[in-house]
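S.K.: For reference, the sequence and a predicted model appear below.
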Amino acid sequence: MKHVLVAAMLCCLVVNGYSQEEKQTASVEKSIFGIQTGAVGIWIHGEFKLSNKFVLRAETGLDMGVWENSYNNDSGVLLGPVFTLEPRFYYNLNKRLRKGKRTEGNSGNFIGLKTSYHPDLFTIGTNKDVNIIRDITIVPTWGIKRNIGKHFNYEAGFGIGYIHFIDKYNLSTNKSDVAVNLHARIGYKF
């Protein structure tokens with residue numbers, strides 16, 4: 001009888017041990033802050049966790065632009081401010097975790113809805129007399145984000161969406177158009 005009880009207890013321990021094994025689930029980080037640069041600007045950003053796979057990315061920075069004045073045949077390059085909010089869905093975190101790949105720093109593939117506003121606050125560039133036509137863009141974007149070491153990362157993305165111009169000078173007859181988001185950035189995570 002003792003042997004039967006011991007065998008039954010061992011079976012219960014083994015079954016209990018297997019039932020306690022948890023399936024690992026990847027999750028985005030609670031909050032991330034960093035700075036990124038690319039060929040067309042510099043930005044600071046924060047990503048804030050909404051759920052295991054959703055974040056809200058808030059970003060501000062300077063976008064590069066090219067301007068031209070056909071009246072006096074003048075042109076130049078400038079940097080202007082931009083403010084961006086982008087909800088992101090990191091859809092392959094569990095797959096990366098199962099394959100033993102890194103997910104810290106929200107390293108994964110994402111789908112986002114990038115919403116940006118370019119105000120006419122100031123410009124940095126070759127001519128101080130240039131005003132920016134304000135605009136709002138809404139661009140569904142697919143992208144990847146990967147970490148290099150503990151603090152460095154790179155990101156690339158592509159999307160096609162909508163741009164609406166807010167022209168206080170009435171220079172533009174076309175108030176909306178197609179917007180393209182094509183970005184490649186390297187960055188540092190604090």
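M.R.: Cool, got the structure.

S.K.: going forward, measure contacts between C-alpha atoms and count neighbours the same way
M.R.: Noted.

S.K.: so what's the residue nearest to the spatial centre of the chain up against?
M.R.: For the chain, the residue sitting closest to the mean C-alpha position, by CA atoms, centre = their mean, is residue 57 at 6.0 Å. Counting by CA atoms under 8 Å, 6 or more residues apart in numbering, residue 57 makes contact with 45-48, 84-88.

S.K.: what does residue 45 give?
M.R.: Listed by CA under 8 Å, 6+ apart, the contact partners of residue 45 are 33-36, 57-60.

S.K.: okay if I get those as CSV plus secondary structure, distance to residue 76 and pLDDT?
M.R.: As requested, the contacts of residue 45 are arranged in CSV below (DSSP: H, G, I helix; E, B strand; the rest coil; distance: CA to CA, whole Å; pLDDT from 0 to 100):
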residue, secondary structure, distance to residue 76, pLDDT
33, strand, 32, 97
34, strand, 30, 97
35, strand, 26, 98
36, strand, 24, 98
57, strand, 31, 98
58, strand, 29, 98
59, strand, 26, 98
60, strand, 23, 98
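
S.K.: from the residues you listed, which single one is nearest residue 92?
M.R.: For residue 92, the closest of the contacts of residue 45 turns out to be residue 57, at 17.9 Å, with distances computed as CA to CA.

S.K.: hang on, the earlier thing: narrow the contacts of residue 57 to those in strands?
M.R.: If you go by DSSP state E, the contacts of residue 57 have 45-48, 84-88 in strands.
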